[in-house]
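S.K.: Quick one, what's the 3D model for this:
(chains A and B)
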Amino acid sequence: EPEVTQTPSHQVTQMGQEVILRCVPISNHLYFYWYRQILGQKVEFLVSFYNNEISEKSEIFDDQFSVERPDGSNFTLKIRSTKLEDSAMYFCASRNQETQYFGPGTRLLVL
Amino acid sequence: GEDVEQSLFLSVREGDSSVINCTYTDSSSTYLYWYKQEPGAGLQLLTYIFSNMDMKQDQRLTVLLNKKDKHLSLRIADTQTGDSAIYFCAETSIFLNSGGGADGLTFGKGTHLIIQP
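M.R.: Numbering: from 1, shown residues only, chains lettered A, B, ... in the order given. Next comes the predicted model:
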């Protein structure tokens, strides 16, 4: 069964550094998403992406964040200058019709 | 903005039925979902229901939707130790035919299902 994959599974970075989180959505899906889950809190929507552009973004998705689909398979989330409060699990998801399928997540720790 | 509420913990005996409840505020919700998260793992889609339905059954899972009260429940029959996880309710208001509506899922905080032997 096709799956969403994410790399790396864990990343530790210093405050102020840039990080890029990578995702490979399910191959015939057209809609892509990033969510985050701060430890012990609810899963929060960050951004959705369709037809090579952002279709919706939340208040969390400020100028420090950007997304890109650099080729036909990868979907990336970049955080330009990480802050301590960016420490969280970041989930990528992709959708065909009505259901979003999630990847296993990247746990980001900002020190 | 939209909100989704769930109780934080539910404890049931192995073999009993579990009923996990969720309320939501967005009257334009079109799809409602249940996801399962095991420790250290990602979000596994369990089932979903379209807002014009009031019930959906899938093997041991039964979803009930009361759209008037904006209440969603997930019943797990014959609960097993492998069902121990966090269960998230989520909603969206996408319109598939027109392509409109808000795309991102709004999640509840999750219900920890604890199975007693």
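
S.K.: all strands for chain B, in order.
M.R.: In chain B, the strands defined using DSSP state E lie at B:4-6, B:9-13, B:18-24, B:31-37, B:44-50, B:55-58, B:61-66, B:71-76, B:85-92, B:106-107, B:111-116.

S.K.: now for the ones you listed, which one comes closest to A:Ser55?
M.R.: Counting by CB to CB, A:Ser55 lies closest to strand B:85-92 out of the strands of chain B; the figure is 12.7 Å. Where you see a C-beta, it was placed from the backbone N, CA and C, and this is true even at glycine.

S.K.: just to revisit the earlier point, want to throw the strands of chain B into CSV with distance to A:Glu85?
M.R.: What follows is the strands of chain B, written out as CSV (distance: least, CB to CB, whole Å):
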stretch, distance to A:Glu85
strand B:4-6, 23
strand B:9-13, 27
strand B:18-24, 27
strand B:31-37, 22
strand B:44-50, 27
strand B:55-58, 38
strand B:61-66, 35
strand B:71-76, 31
strand B:85-92, 22
strand B:106-107, 19
strand B:111-116, 24
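
S.K.: Which one of those lies nearest to chain A?
M.R.: Of all the strands of chain B, strand B:106-107 sits nearest to chain A, with 4.2 Å by CB to the nearest CB.

S.K.: that older thread, make a markdown table out of the strands of chain B and add distance to A:Ile20, mean neighbour count and mean pLDDT.
M.R.: As requested, those are arranged in a markdown table below (distance: least, CB to CB, whole Å; neighbours: other CB atoms under 10 Å in any protein chain shown; pLDDT from 0 to 100):
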| stretch | distance to A:Ile20 | mean neighbour count | mean pLDDT |
| --- | --- | --- | --- |
| strand B:4-6 | 30 | 20 | 94 |
| strand B:9-13 | 37 | 14 | 97 |
| strand B:18-24 | 34 | 19 | 96 |
| strand B:31-37 | 25 | 23 | 94 |
| strand B:44-50 | 26 | 16 | 93 |
| strand B:55-58 | 38 | 12 | 95 |
| strand B:61-66 | 37 | 17 | 96 |
| strand B:71-76 | 36 | 20 | 97 |
| strand B:85-92 | 27 | 24 | 94 |
| strand B:106-107 | 25 | 23 | 94 |
| strand B:111-116 | 33 | 17 | 96 |
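
S.K.: Much appreciated, bye for now.
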